[in-house]
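Q: A structural model of the following input is requested.
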Amino acid sequence: MKTIRTVFFVISMLGFSLSTSAAEPLQTLANKLFGPLPETMPGSEFDTPERIALGKALYFETALSAVDNQSCNTCHNLLDGGSGAEPLSVSVGALGKLGTRNSLTTWNAGFQFAQFWDGRAKDLAEQARGPITNPIEMGLSSEDEAIDKLKDKGYQDAFAAAFPDADDALTFDHLTESLAAFQRTLVTEDRFDMYLAGDITALNAQEKRGLERFISTGCNACHNGPLLGGELFMKMGLVKPYPNKIDKGRAHVTGSSADNFMFKVPTLRNVAQTAPYFHDGAVFNLDQAVRDTAWHQLGVKLSEEDVKDISAFFASLDNTKKITF
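A: Numbers count the residues shown, from 1 in each chain. Have a look, this model is predicted:
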């Protein structure tokens with residue numbers, strides 16, 4: 001014991017803090033179940049500063065909508081610490097038409113196994129093709145119209161710099177690839193990763209209780225991996241039926257009744273900032289979303305203390321990274 005006390009005394013005299021470096025069982029378990037976010041997204045090794053800068057400009061470009069009033073950022077806001085989503089149940093398109101699903105965040109999207117709630121796009125570039133010419137969303141009549149409008153805005157030099165080896169740089173394929181390149185920079189930073197990296201003080205006592213309850217309840221069965229989600233499809237209303245019977249999710253893509261009410265499990269990174277919740281944006285309160293998910297997916301009625309603790313844990317997933325201009 002004397003030797004151990006001596007070691008502790010020497011460490012303290014050197015200015016080290018055991019409280020931030022010594023692993024605890026919950027931290028070890030969390031690393032096994034989740035692990036920290038990678039620093040870069042798949043495909044980013046091919047991105048250039050010019051391509052990323054072009055994609056960033058295009059993300060905020062309202063000329064990519066029917067009446068020059070809407071950009072990607074309109075429904076996936078990144079300004080002023082934005083969550084990459086919007087606080088509406090469903091989005092309103094450039095021509096005033098209502099969408100049918102809640103907008104998913106663009107933060108960390110490129111880490112996910114598929115895009116959209118129903119997984120109809122395999123990657124970011126394919127996802128970017130849809131909204132621009134969707135009559136309910138940005139509303140352009142064709143891909144050619146998008147290119148013509150970008151030419152009128154003087155984008156030729158930016159595309160040439162981003163795709164220097166192309167005979168024709170300003171194309172729709174290059175437009176979507178540039179948007180994907182920018183979105184591959186949208187990797188969140190949060191206190192949970194600090195905790196996973198070894199700082200056991202990064203989470204307070206209530207947040208740690210919430211993490212433990214999140215795991216012991218079984219939430220991590222679907223909300224797994226570094227994103228705490230984004231890795232599989234799951235039936236909405238797995239144990240207790242979900243009220244919305246109109247949107248059948250992935251079945252609209254595959255045509256198979258086996259996919260009825262199957263949706264991509266959303267990431268929980270930054271979840272406290274991305275209300276409203278679920279594919280239909282039906283719930284605006286995080287505590288209620290926690291209650292409803294436990295009930296519909298697991299058949300569990302959480303105590304109010306557990307609800308508050310899990311919601312507190314979700315606050316440790318708040319993104320601290322900002323987009324600069």
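Q: in the helix or strand containing residue 145, what's buried?
A: Under the criterion of DSSP states H and E, residue 145 resides in helix 143-152. Judged by neighbour count using 16 or more other CB atoms under 10 Å, the buried positions of helix 143-152 are 143, 146, 147, 149, 150. Yep, even glycine has a C-beta here, placed from its N, CA and C like the rest.
Q: which residues touch residue 172?
A: 129, 143, 144, 146, 147 (CB atoms under 8 Å, 6 or more residues apart in numbering).
Q: go on, residue 115?
A: By CB under 8 Å, 6+ apart, the contact list for residue 115 reads 109, 121, 122, 123, 124, 126, 127.
Q: quick one: pLDDT of residue 325?
A: Predicted confidence (pLDDT) for residue 325: 75.
Q: which residue ranges of the stretch 151-300 of the chain form strands?
A: 233-235, 262-264 (DSSP state E, counting those that start in this stretch).
Q: let me know the closest of the contacts of residue 172 to residue 96.
A: residue 146 (20.0 Å; CB to CB).
Q: wait, that closest one sits on residue 133?
A: Yes: at 7.3 Å, residue 146 and residue 133 qualify as touching, with contact defined as CB atoms under 8 Å.
Q: show me whatever sits in contact with both of the two.
A: Contacts common to residue 146 and residue 133, judged by CB under 8 Å, 6+ apart, are residue 140.
Q: mind listing the helices for the stretch 101-250 of the chain?
A: Under the criterion DSSP state H, counting those that start in this stretch, the stretch 101-250 of the chain contains helices at 124-133, 143-152, 156-162, 172-183, 191-196, 205-217.
Q: any weak-confidence spans in the stretch 51-200 of the chain?
A: Of all residues in the stretch 51-200 of the chain, none has pLDDT under 70.
Q: what distance do you get for residue 299 to residue 283?
A: 18 Å (CB to CB, to the nearest Å).
Q: equivalent analysis for residue 120, please.
A: In terms of CB to CB, residue 120 sits 24 Å off from residue 283.
Q: neighbour count winner among these two?
A: residue 283 (19 against 15; other CB atoms under 10 Å).
Q: now do the contacts for that one.
A: 275, 276, 277, 289, 292.
Q: any idea what the closest residue to the last one other than its chain neighbours is bridged to?
A: Closest residue to residue 292 in three dimensions, ignoring its sequence neighbours and counting by CB to CB, 6 or more residues apart in numbering: residue 283, at 6.1 Å. Each beta-bridge partner of residue 283 is listed here, defined by DSSP bridges: residue 277.
Q: how about the contacts made by residue 116?
A: 104, 127, 130, 264.
Q: returning to what we had before: in CSV: the contacts of residue 172, plus distance to residue 29.
A: Converted to CSV, the contacts of residue 172 look like this (distance: CB to CB, whole Å):
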residue, distance to residue 29
129, 41
143, 48
144, 54
146, 48
147, 51
